[in-house]
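> what's the 3D shape of this:
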Amino acid sequence: EVSKTSEGVVSSQLVVSDISWEDEGGYSCRARDGNEGRIEKNKATIAVQAKPVNVGKESGSGNVSQTLELSCQFEGKPLPIVSWLLHGKVITEDPEKYEITEDNISDKTVNSLLKILNLEHKDNGTYLCHGKNAHNSDTAIVDAFVFDSPAVQVDHIVAVSSTKLFINWTVTSWNLPVTGYILSFREGDTNAWKYHMVSQINAGSTSYLMANLSANTPYTIKMAAKNDHGTGEFNTYHASVNTLDFDPIFIPEVSIKGITKNSISVGWNDPPEKFKEHIHFYRASKDDGEHVTEVLHTLPYPLHLWGELKSASSYKFTVSACNEYSGECSPPSEVMPGKTYDGLSGPPADVVMSCRSDNISDFHWVDVKWQDPQNPNGNIEFYNIELTGRARYYDDKRKMKVINVDSQTKTEDSNSIMTRFDFLEANTNYSVRVCAVTGSKECGAWRAATCSMPVMPPAGLAQAFTWYSVEKDEKNIFKLSIPRLSERNGEICCIKVIVVRLSSGQSAKDLPSQTEIPITNYAAAHSAEGSGAYVAEIITTVYMGREIEIGDGKSIGAIGVARCSACLPYGRDKRFTDPEPEGANKVEDGFLDDSRNYTSFVEVVVEGGVIGRSPYLEPKRPGVVVKDISPSPNTVLVSVLGILAGLVLVALILM
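Residues are numbered from 1 along each chain as shown. Sure thing, here's the model as predicted:
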């Protein structure tokens with residue numbers, strides 16, 4: 001970096017980044033005044049210094065009584081001072097134990113060598129090589145391995161039966177793997193040592209089950225180990241150990257203590273008192289017919305809970321008493337069978353419901369069918385079926401109303417796959433759900449279905465309409481009372497008034513049914529001496545709760561009736577004659593013929609094209625006022641009973 005002052009003095013600065021040992025040395029700075037000026041020189045020196053860094057180490061090994069060497073190497077400047085430590089203490093030179101030499105390889109590298117003489121067991125371990133200078137320090141970890149024959153310590157001997165002793169030991173291998181063991185014993189009061197067959201002892205084991213011994217006999221045990229260095233000294237157990245005078249074979253008596261839908265508790269009796277110290281755990285097994293599962297039961301009480309079992313499933317259980325030292329178990333108990341309780345069933349399959357109606361009897365019902373669950377999880381005892389419904393309709397004040405119909409519940413036995421709900425409502429969305437109940441006495445998973453009951457004409461049309469004759473503007477007319485009809489069974493599109501001009505001597509009972517009578521127009525009905533039927537008015541629900549005039553020469557002409565095709569004057573298939581084309585579809589409420597009797601009936605058209613009809617009204621002659629004679633109470637009672645009997649008969653036939 002070069003800079004120049006206002007006085008013309010030029011200076012230069014050299015910055016060396018990420019400095020390394022290679023950057024150390026002398027540097028020259030050269031300057032010249034112009035191209036022809038004299039060259040001026042100046043010299044500078046960079047001296048690199050660094051904290052100690054361990055750049056090498058070497059562990060060492062040697063046999064007992066011999067020598068081993070450890071080394072480490074550091075770089076740093078000033079040259080690091082090296083020291084050795086063991087167990088946190090600095091090692092100093094000792095002509096009989098330690099020799100420490102250093103080799104200054106360069107002005108920044110030093111190598112230190114630690115020689116350990118007359119190796120002992122205590123020299124085995126990890127050493128620290130510590131390098132330090134004015135800037136910091138660093139440490140290398142170096143291992144010293146002292147080799148010797150293995151040392152065995154017999155820790156525990158336990159009698160596990162009349163012919164077996166369990167032996168447990170620890171071994172110090174002194175950095176070389178154990179290649180084998182030597183096991184000797186004295187029997188009873190004899191002084192002679194015998195070698196035991198030890199080929200079965202794994203070199204990596206620290207326990208052994210000594211077998212083929214005599215019952216109720218004291219044994220003295222000693223043991224040694226071998227490695228590549230040699231065979232270690234024998235270690236004799238501090239006391240003789242007697243084999244048992246019996247074999248602690250205990251076969252538990254197993255019983256079922258508790259059962260749920262997904263678990264079974266298995267219990268067993270305690271062993272005899274003299275067996276207790278020889279039984280340390282139990283091996284419990286479960287057989288589900290496909291797999292056998294075993295667990296070690298180490299808890300202090302004789303009870304094991306088998307959980308996460310399948311419901312309504314059979315299992316077989318056994319229990320064996322075991323010794324923790326030998327790892328051996330007595331023969332298993334007798335097989336104890338057990339079966340879990342029924343669980344919650346899966347959902348019934350293929351649930352289907354159908355909404356059905358009979359137009360004649362105005363009777364509505366639902367058929368429900370289903371299939372057995374694919375996963376019953378037990379024996380199906382019965383089915384629960386719940387029916388709910390919801391309806392939307394206009395009330396008699398033309399306000400939208402939403403109601404939930406009363407729910408119904410049925411129970412069917414396990415052999416049934418269908419049921420039926422009677423006396424239901426038209427124009428209602430029904431939902432059903434079915435569940436299977438097993439021995440658990442609880443409903444399993446539900447499966448649902450839905451259907452919609454079709455719309456129907458309003459109820460009570462048979463007594464809904466009345467008419468009478470009055471005089472208006474010197475003309476005789478009829479006034480027809482239109483009641484407020486319920487739209488619970490479906491939204492009303494329109495109300496048609498069909499007037500029938502009767503021939504002389506003809507009565508309403510002589511006419512065809514309302515569904516069969518030919519419909520023409522006003523002109524055709526009044527052009528002959530015979531009778532004729534015509535549409536006098538088509539009105540909307542706005543006129544419910546009012547009286548309309550028939551025969552006044554005016555048609556109301558209500559707006560909005562065209563949204564239902566059945567509200568068109570001749571929109572009833574095969575129910576009209578063939579009047580003159582220009583007046584064929586005309587709705588006309590013409591003047592009445594005072595010389596003839598008239599009757600009429602009302603059609604209530606519900607959305608969807610469903611039509612309800614009143615009976616023929618009482619025949620009347622324009623201008624003749626007939627005194628109203630109410631039926632006797634007995635007549636009404638007989639009629640009501642007759643209607644109820646008819647409904648019951650229809651219901652029985654439908655079933």
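> contacts and neighbour counts: CA atoms only from here.
Will do.
> Low-confidence ranges, this protein, go.
Low-confidence segments of the chain (pLDDT under 70): 8, 36-37, 198, 528, 557-560, 569-585, 626-655.
> same thing but 80
Applying pLDDT under 80 to the chain flags the ranges 1-12, 31-41, 197-200, 396-397, 528-530, 557-563, 568-586, 625-655.
> the helices in it, which residues?
522-525, 633-654 (DSSP state H).
> Tell me who's in contact with the residue most central in space within the chain.
Of all residues in the chain, the one closest to the mean position by Cα atoms, centre = their mean is Ala445, 14.1 Å from it. By Cα atoms under 8 Å, 6 or more residues apart in numbering, the contact list for Ala445 reads Leu344, Ser345, Gly346, Pro347, Pro348, Cys435, Ala436.
> The first one - nearest residue in space that isn't next to it in sequence?
Spelled out, that is Leu344. Once flanking residues are discounted, Leu344 sits nearest to Gly444: 4.5 Å by Cα to Cα, 6 or more residues apart in numbering.
> Equivalent analysis for the last one, please.
Counting by Cα to Cα, 6+ apart, the nearest residue to Ala436 once its immediate chain neighbours are dropped is Tyr383, at 4.6 Å.
> Surely the one you found is in contact with Lys441?
No: between Tyr383 and Lys441 there is no contact under Cα atoms under 8 Å: 10.7 Å.
> Show me which of those two is the more surrounded one.
Tyr383 (24 against 14; other Cα atoms under 10 Å).
> And that one, how far from Trp446?
Distance, Tyr383 to Trp446, by Cα to Cα, to the nearest Å: 10 Å.
> residues bridging contact with those two, i.e. touching both?
With Cα under 8 Å, 6+ apart as the test, Tyr383 and Trp446 both reach Val434, Cys435, Ala436.
> could those residues go into CSV alongside neighbour count?
As requested, the shared contacts of Tyr383 and Trp446 are exported to CSV (neighbours: other Cα atoms under 10 Å):
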residue, neighbour count
Val434, 27
Cys435, 27
Ala436, 30
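> Now render the residues you listed as TSV, adding distance to Gly289.
Output for the shared contacts of Tyr383 and Trp446, formatted as TSV (distance: Cα to Cα, whole Å):
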residue	distance to Gly289
Val434	33
Cys435	30
Ala436	27
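> Among those, which one sits closest to Thr170?
Closest to Thr170 out of the shared contacts of Tyr383 and Trp446 is Ala436 (64.0 Å), distances taken as Cα to Cα.
> and that closest one, what is it in contact with?
Here Ala436 is in contact with 345-348, 373, 376, 380-384, 443-446 (criterion: Cα under 8 Å, 6+ apart).
> Equivalent analysis for Arg563, please.
Cys493.
> Excluding residues flanking it in the chain, which one is nearest Tyr181?
Ala225 (4.4 Å).
> The one you found contacts Val178, doesn't it?
Yes: the pair Ala225 / Val178 is scored as a contact, 6.8 Å apart, by Cα under 8 Å.
> Would you mind grabbing the residues shared as contacts by these two?
Taking Cα under 8 Å, 6+ apart as the criterion, Ala225 and Val178 both touch Pro150.
> looking at it, Glu324 is touching Arg283, isn't it?
No: counting by Cα under 8 Å, Glu324 does not reach Arg283; the two are 11.3 Å apart.
> between the two, who's got more neighbours?
Each of Glu324 and Arg283 has its neighbours counted (other Cα under 10 Å); Arg283 has more, 17 against 14.
> Beta-bridge partners for that one, please?
Leu296, Ser320 (DSSP bridges).
> Would you enumerate the residues in contact with it?
Counting by Cα under 8 Å, 6+ apart, Arg283 has contacts Glu294, Val295, Leu296, His297, Val319, Ser320, Ala321, Cys322, Cys329.
> related to what we said a few turns ago, pull up the gap between the residue nearest to Leu344 and Asp594, please.
To Asp594, Gly444 is 74 Å away according to Cα to Cα.
> These two: which is more packed in?
Higher neighbour count among Gly444 and Asp594: Gly444, with 23 against 14, using other Cα under 10 Å.
> Does the more buried one touch Gly346 like I think?
Yes: using Cα under 8 Å, Gly444 is in contact with Gly346, at 5.8 Å.
> quick one on the thing from earlier: now, which of the shared contacts of Tyr383 and Trp446 lie within strands?
Val434, Cys435, Ala436 (DSSP state E).
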